[in-house]
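Can you look at this prediction? I've put the sequence above it.
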2 protein chains.
Amino acid sequence: MEPLELIDDEPLDDVDSTPKLGRKRDHTRDAEILDATLDVLAEVGYDGMTIDMVASRAKAGKATVYRRWTSKAELVLDAVACMKSADIAGLEIPDTGTLRGDLIGLIKTPSIADGERKLQIIAGIASMLSRTPELADAANKAIIEPRAAVNRTVLQRAIDRGEIPADADLETLSLITPSMVAYRTLMLRKPVTREFLIGLIDTVVLPAAGVQAG
Amino acid sequence: MEPLELIDDEPLDDVDSTPKLGRKRDHTRDAEILDATLDVLAEVGYDGMTIDMVASRAKAGKATVYRRWTSKAELVLDAVACMKSADIAGLEIPDTGTLRGDLIGLIKTPSIADGERKLQIIAGIASMLSRTPELADAANKAIIEPRAAVNRTVLQRAIDRGEIPADADLETLSLITPSMVAYRTLMLRKPVTREFLIGLIDTVVLPAAGVQAG
DNA sequence: TCTATACGGAACTGTCAAGTTCCGGATATC
DNA sequence: GATATCCGGAACTTGACAGTTCCGTATAGA
């Protein structure tokens, strides 16, 4: 997803071709600032975040930030909407032939770390979600949905090969691990280990999906 | 749980007996202010909440609040810690003879409404949880833990009567519904209906507990 | 090299809320 | 009724941050 164009109205195909005059707006600079925004958001939350924090982390001036986004709210919305799914995007979905193998194959150390950062970001904007639907939608699309989609894919394949019943509730099943990981991280503040995830898969997800135990 | 004694150091048995002079500090006034705090917290979150909002909702002066709590942070911590479990407290745990019957018997409309308010409160303080462990602990003890404890009770009874395996993971099982309800409310912002809860019980909790489907 | 543009940084303004102080009025004890 | 205590309310002080403006500099195109 591209950053929302809040200032520029130049054609997209002009990005790397010859501009008329002076220096061109650098779109990678946008990304750096947005990423700094997410870092600060994860660390101190929306209200604890100041534009100065974001700017200095991105080695930018505050004026530079305001040249590109009209307000703090716009900056945060854009940052959440443009969030890259570092874990999902480059992640090939495993196809081991069994549901258990696929689910366990999805457990990756960088993916866990990335997931915890995203949960911190959600926690940082949680109080605004009920009053800012656009932000809630953006967070959903960028954070929750990709993760659930991957789970749905491996579950659907398990249905296709007859490993689990065809009427299995994919919507619910795909949300079990995200939900319980979120609770463990945010409320219990316990680390999400590989063992914890395997335990969840074996004692909750697989039985609920209809796989025989053992 | 009593409000933390941040100001008074009078003996507890003196509460309703003869004070020495003038008017006595009114402990129900504390409760009213704490409750107003929770209301505001649920509506606008920690950072959106001002002491003036709390005071005027409790028909109190700001000075009165500061006479009883030293800071906004202390007030909020105390409010969360003293939160009454309106749903759990007066709730007799059903004993229907089956795990499914007990779990479904625990679903009560007022309990759902009360639960959503509590989740709004959690959302309001979410961004502080990772930086204020005492607050996270208080929220967990006051909101999630009572609910999980009830689940553990009915699960233990199911073990005792041989309905589910004796080695069932009560810790995990008792957290399935709280986690998924929290996730649904806070992140998906979808309503928690009776149907949703029954679906969770039938497709996740019971299979994971080892009850035969159907 | 010249020039327009965007830059980082710093100084500035305006607002808003935390926390304090003060006061007139109620209320309970004596 | 006299008195001590706490009350609600309002007027403060203070500090922090959103957002703006300005300036000297760096860089890319002509």
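Now that the structure is in, tell me what you want to look at. Residues are numbered from 1 along each chain as shown, chains lettered A, B, ... in the order given.

where's A:Pro110, which helix or strand?
Per DSSP states H and E, A:Pro110 falls inside helix A:109-129.

Just give me how far that helix sits from the chain centre.
Put simply, helix A:109-129 sits 7 Å off its chain's centre (Cα atoms, centre = their mean, to the nearest Å).

where does chain A have low pLDDT?
A:1-25, A:85-91, A:213-214 (pLDDT under 70).

All the helices of it, in order from the start?
Here chain A has its helices, by DSSP state H, at A:27-48, A:51-57, A:62-68, A:72-81, A:86-89, A:99-105, A:109-129, A:133-139, A:145-160, A:170-183, A:194-200, A:206-209.

Can I get the helix holding A:Pro110 as PDB, trimmed to CA atoms?
Extracted in PDB, the C-alpha atoms of helix A:109-129 (Å, rounded to 0.1, in the frame of the first residue of the first chain):
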ATOM      1  CA  THR A 109      10.800 -16.200  15.600                       C
ATOM      2  CA  PRO A 110      10.900 -13.000  13.600                       C
ATOM      3  CA  SER A 111       7.100 -13.400  13.100                       C
ATOM      4  CA  ILE A 112       6.600 -13.600  16.800                       C
ATOM      5  CA  ALA A 113       8.700 -10.400  17.400                       C
ATOM      6  CA  ASP A 114       6.900  -8.600  14.700                       C
ATOM      7  CA  GLY A 115       3.600  -9.700  16.100                       C
ATOM      8  CA  GLU A 116       4.400  -8.400  19.500                       C
ATOM      9  CA  ARG A 117       5.300  -5.000  18.100                       C
ATOM     10  CA  LYS A 118       2.000  -4.900  16.300                       C
ATOM     11  CA  LEU A 119       0.100  -5.700  19.500                       C
ATOM     12  CA  GLN A 120       1.900  -2.800  21.200                       C
ATOM     13  CA  ILE A 121       0.800  -0.600  18.400                       C
ATOM     14  CA  ILE A 122      -2.800  -1.700  18.800                       C
ATOM     15  CA  ALA A 123      -2.500  -1.100  22.500                       C
ATOM     16  CA  GLY A 124      -1.200   2.300  21.800                       C
ATOM     17  CA  ILE A 125      -4.200   3.300  19.800                       C
ATOM     18  CA  ALA A 126      -6.800   1.100  21.600                       C
ATOM     19  CA  SER A 127      -8.500   3.900  23.300                       C
ATOM     20  CA  MET A 128      -9.200   5.700  20.000                       C
ATOM     21  CA  LEU A 129     -10.500   2.700  18.100                       C
END
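
angle of that helix against helix A:27-48?
Interaxial angle, helix A:109-129 versus helix A:27-48 (axes from the mean of the first three to the mean of the last three Cα atoms, to 10 degrees): 60 degrees.

list the buried ones in helix A:109-129?
A:111-112, A:114-129 (16 or more other Cβ atoms under 10 Å in any protein chain shown). Using the backbone N, CA and C atoms, a C-beta is placed for each residue, glycine as well.

what's the answer for stretch A:33-47, then?
A:33-47.

Report the buried residues of stretch A:101-108.
Buried residues in stretch A:101-108, defined by neighbour count with 16+ other Cβ under 10 Å: A:Asp102, A:Leu103, A:Ile104, A:Gly105, A:Leu106, A:Ile107.

do stretch A:170-179 as well
For stretch A:170-179, by 16+ other Cβ under 10 Å, it's A:Leu170, A:Thr172, A:Leu173, A:Ser174, A:Leu175, A:Ile176, A:Thr177, A:Pro178, A:Ser179.

With stretch A:184-200 instead?
Buried residues in stretch A:184-200, counted by 16+ other Cβ under 10 Å: A:Arg184, A:Thr185, A:Leu186, A:Met187, A:Val192, A:Phe196, A:Leu197, A:Leu200.

just checking, the third one touches B:Leu135?
Read it as A:Leu186. No: A:Leu186 lies out of contact with B:Leu135 (Cβ atoms under 8 Å); the separation is 11.8 Å.

what do those two both touch?
Here A:Leu186 and B:Leu135 share the contacting residues B:Leu129, scored by Cβ atoms under 8 Å, 6 or more residues apart in numbering or on different chains.

one step back: farthest-separated two in the buried residues of stretch A:184-200?
Largest separation among those by Cβ to Cβ: A:Met187 and A:Leu197, giving 17.3 Å.

hmm, back to that, farthest pair within the buried residues of stretch A:101-108?
A:Asp102 and A:Ile107 (10.5 Å).

Domains of chain A: list them as residue ranges, please.
Per the record, chain A has its domains at A:12-81, A:86-209, by automatic domain parsing.

And those: which comes nearest DNA strand D?
domain A:12-81 (3.4 Å; Cβ to the nearest atom of the strand).

before we move on, back to that, for DNA strand C, find the nearest of the helices of chain A.
helix A:62-68 (3.0 Å).

Show me what counts as buried in the closest one.
Buried residues in helix A:62-68 (16+ other Cβ under 10 Å): A:Val65, A:Arg68.

doesn't A:Asp39 make contact with A:Met83?
No: if you go by Cβ under 8 Å, A:Met83 and A:Asp39 don't touch, sitting 11.5 Å apart.

how far away is A:Asp102 from A:Gln156?
11 Å (Cβ to Cβ, to the nearest Å).

I should have written A:Gly115 there, sorry.
A:Gly115 is 22 Å from A:Gln156, by Cβ to Cβ.

which residues touch A:Ile121?
Taking Cβ under 8 Å, 6+ apart as the test, what A:Ile121 contacts is A:Leu38, A:Leu41, A:Ala42, A:Val80, A:Met83, A:Ala139, A:Ile143.

Now distance to B:Ser56 too, for those residues, in TSV please.
TSV is the format used below for the contacts of A:Ile121 (distance: Cβ to Cβ, whole Å):
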residue	distance to B:Ser56
A:Leu38	37
A:Leu41	31
A:Ala42	34
A:Val80	33
A:Met83	39
A:Ala139	32
A:Ile143	37
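
filter the residues you listed by proximity to chain B?
Contacts with chain B within the contacts of A:Ile121, as defined by Cβ under 8 Å from any Cβ of the partner chain: A:Ala139.
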